[in-house]
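Asker: I need the structure of the sequence given here:
(2 chains)
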Number of protein chains: 2
Amino acid sequence: MEAMQFAVKNGPAIILVRPQLGENIGAAARAMLNCGLTKLRIVKPRDGWPNIKALNTASGADAVIGEALIFDDVSDAIADLDLIFATTSRARDQVKDVIFPDQAFQKLPQQIHAGIMFGSERNGLDNDEICVADSIIEIPLNPAFPSLNLAQAVLLVSYEWRRSHVKNHPPSVVKRAAAKKSDIISFFNMLEKELEYKGFYPSPSMQQKMSRNMRNMFQRIQLSEQDIQSLYGIVKALSRNIPDKKV
Amino acid sequence: MEAMQFAVKNGPAIILVRPQLGENIGAAARAMLNCGLTKLRIVKPRDGWPNIKALNTASGADAVIGEALIFDDVSDAIADLDLIFATTSRARDQVKDVIFPDQAFQKLPQQIHAGIMFGSERNGLDNDEICVADSIIEIPLNPAFPSLNLAQAVLLVSYEWRRSHVKNHPPSVVKRAAAKKSDIISFFNMLEKELEYKGFYPSPSMQQKMSRNMRNMFQRIQLSEQDIQSLYGIVKALSRNIPDKKV
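Answerer: So this is what the prediction gives:
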């Protein structure tokens, strides 16, 4: 599967603990792959495994589901990992750092193999599960309305990981062939000559000021070669004498 | 509704253009409110308005749905706004900047009233709709698997807005009552005295080095007052002589 080849190098394992709905597992797999994460671990999925609804919902990310590792408890699921994060909005009674995802991820060296745990839809992670984590991650949302569904939580945390560890590919952007300055100046000269001919300027003393304003206005457009061609056409058309037309 | 009071000051309008499913409109409203955005505008919702499925899915964010503004076309929907972003992964033929959300949002002054357009689930935005935008926003996802559903796209873009414009509330964090250094030192002294008594150190010359290593190890724990109490208890229990027990 091509999308799997774009996996984040040494991306974290996403660990779903006691997830209930297959649809949510599938949607979480899609969210992971959206962000280039591919290592899914599942602890005690409520409806057993494999889960056909997870596979169907994952469409496009079915390879993530296909390669998921299934465990009986959290200890086994994290045994080979270096660093564990728990996502929860509860359990503040534990003596453990609660940090935002970017704080958690930005300083981690690439070679660390991390795991990020997400609890069940109903209860989240329980205290014993949170206990194995090195830190608790809190997503900085509207404090009066922070509740996300499972796949959305996986999406935001995976997105933060991607932002921290994957350099943005160069913006696919700003692809105009900028007009040469000489072409722009030629256009201004033509336009001003035409305007002068049509009696646009109230007085010679005003002409310089008005021209400068106009040049500045067009300058802001960051004109492309194509734009200059269009403007020539517009000015030419507007300048046309149409004998029967009253002005 | 309490959550609405946490609205991002001058947050952007989220503009859904020709959305199809009420469920997606409701889920988008939730995603907005998760990030403190409350101004929803909808252009030509396929199934008319009001939409009971949108309201049901929005549960908790129903005030966002209730205050949504409905328009017949994009021009009306953006008429009173200062700056328009279009989200799309197509339409690269247009001479328009394509930028990542953080690049788009970080430099915007608070008083700018922006709108962010999202196209229909089926087709996204069409070329005429994209044409009214000042810039195109692209979410930096896995290039081989970038497709998100409507509510997830709204979630990630709203999240980026929040991250750019809302200072993280102070981490709800690290709330251990750190142990006093004097208590920690007393504990070390007690432990080392006990270890010496039990013949732990192979030679006096080794004692200093081994003690220093041990102090460094415990230092890394960032001990709390409670931790110190627990450690005292542990050492005391371990030191206990139990007559019948063979060592």
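
Asker: Tell me where chain A has strands.
Answerer: Taking DSSP state E as the criterion, chain A contains strands spanning A:13-17, A:40-43, A:69-71, A:83-87, A:98-99, A:114-118, A:135-137.

Asker: what's the spacing between residue A:64 and chain B?
Answerer: Going from residue A:64 to chain B by Cβ to the nearest Cβ, to the nearest Å gives 10 Å. Quick note: C-beta positions are derived from backbone N, CA and C, even for glycine.

Asker: my bad, should have said residue A:128
Answerer: Taking Cβ to the nearest Cβ, one finds residue A:128 at 18 Å from chain B.

Asker: Give me the neighbour count for that residue.
Answerer: Other residues near residue A:128 number 10, with proximity taken as other Cβ atoms under 10 Å in any protein chain shown.

Asker: cool, and residue A:68?
Answerer: Neighbours of residue A:68 under the rule other Cβ under 10 Å: 22.

Asker: for it, phi and psi?
Answerer: phi -60, psi 140 (degrees, to the nearest 10).

Asker: Now do the contacts for it.
Answerer: A:29, A:40, A:41, A:42, A:49 (Cβ atoms under 8 Å, 6 or more residues apart in numbering or on different chains).

Asker: ok, and the closest non-adjacent residue to residue A:152?
Answerer: Of all residues beyond its chain neighbours, the one nearest residue A:152 is residue B:155 (5.9 Å), with distances taken as Cβ to Cβ, 6 or more residues apart in numbering or on different chains.

Asker: Please list all residues in contact with that neighbour.
Answerer: A:152, A:155, A:156, B:31, B:34, B:35.

Asker: Then residue A:41?
Answerer: Contacts of residue A:41 (Cβ under 8 Å, 6+ apart): A:13, A:14, A:15, A:16, A:68, A:69, A:70, A:71, A:77, A:115.

Asker: Sketch out the low-pLDDT regions of chain A for me.
Answerer: When residues are selected by pLDDT under 70, those of chain A lie in A:1-2, A:89-95, A:168-177, A:245-247.

Asker: Neighbours of the closest residue to residue A:128 other than its chain neighbours, how many?
Answerer: Closest residue to residue A:128 apart from its sequence neighbours, by Cβ to Cβ, 6+ apart: residue A:74 at 7.8 Å. Residue A:74 is flanked by 26 other residues according to other Cβ under 10 Å.

Asker: Could you do the one 10 residues further on as well?
Answerer: Look at residue A:84: counted by other Cβ under 10 Å, it has 21 neighbours.

Asker: ok, now how distant is it from residue B:145?
Answerer: 26 Å (Cβ to Cβ, to the nearest Å).

Asker: if I read this right, the residue nearest to residue A:128 contacts residue A:129, doesn't it?
Answerer: Yes. Between residue A:74 and residue A:129 a contact is recorded at 5.1 Å, counting by Cβ atoms under 8 Å.

Asker: overlap in contacts of these two?
Answerer: With Cβ under 8 Å, 6+ apart as the test, residue A:74 and residue A:129 both reach A:17, A:117.

Asker: so what's residue A:57 closest to, chain neighbours aside?
Answerer: residue A:26 (2.7 Å).

Asker: if I look at that neighbour, how far off is residue B:195?
Answerer: 55 Å.

Asker: So between these two, which is more surrounded?
Answerer: Neighbour count, other Cβ under 10 Å: between residue A:26 and residue B:195, residue A:26 has more, with 25 against 17.

Asker: Ramachandran angles for residue A:143?
Answerer: Per degrees, to the nearest 10, the backbone of residue A:143 is at phi -60, psi -20.

Asker: tell me, how many neighbours does residue A:187 end up with?
Answerer: Neighbour count for residue A:187, taken as other Cβ under 10 Å: 20.

Asker: returning to what we had before: keep only those of the contacts of residue B:155 that are in helices.
Answerer: If you go by DSSP state H, these have A:152, A:155, A:156, B:31, B:34 in helices.

Asker: where along chain A do the helices fall?
Answerer: With DSSP H applied, chain A shows helices at A:22-34, A:52-57, A:62-66, A:74-78, A:101-106, A:127-131, A:150-165, A:181-197, A:204-219, A:225-239, listed in chain order.

Asker: Comparing the ones you listed, which stretch has the densest surroundings?
Answerer: Across the helices of chain A, averaging neighbours per residue (mean count of other Cβ atoms under 10 Å in any protein chain shown) puts helix A:22-34 on top, at a mean of 26.

Asker: center of chain A, which residue is that?
Answerer: residue A:159 (7.1 Å; Cα atoms, centre = their mean).

Asker: any idea how far that residue lies from residue A:111?
Answerer: Residue A:159 is 22 Å from residue A:111, by Cβ to Cβ.

Asker: Then residue A:158?
Answerer: Using Cβ to Cβ, residue A:158 is found at 19 Å from residue A:111.
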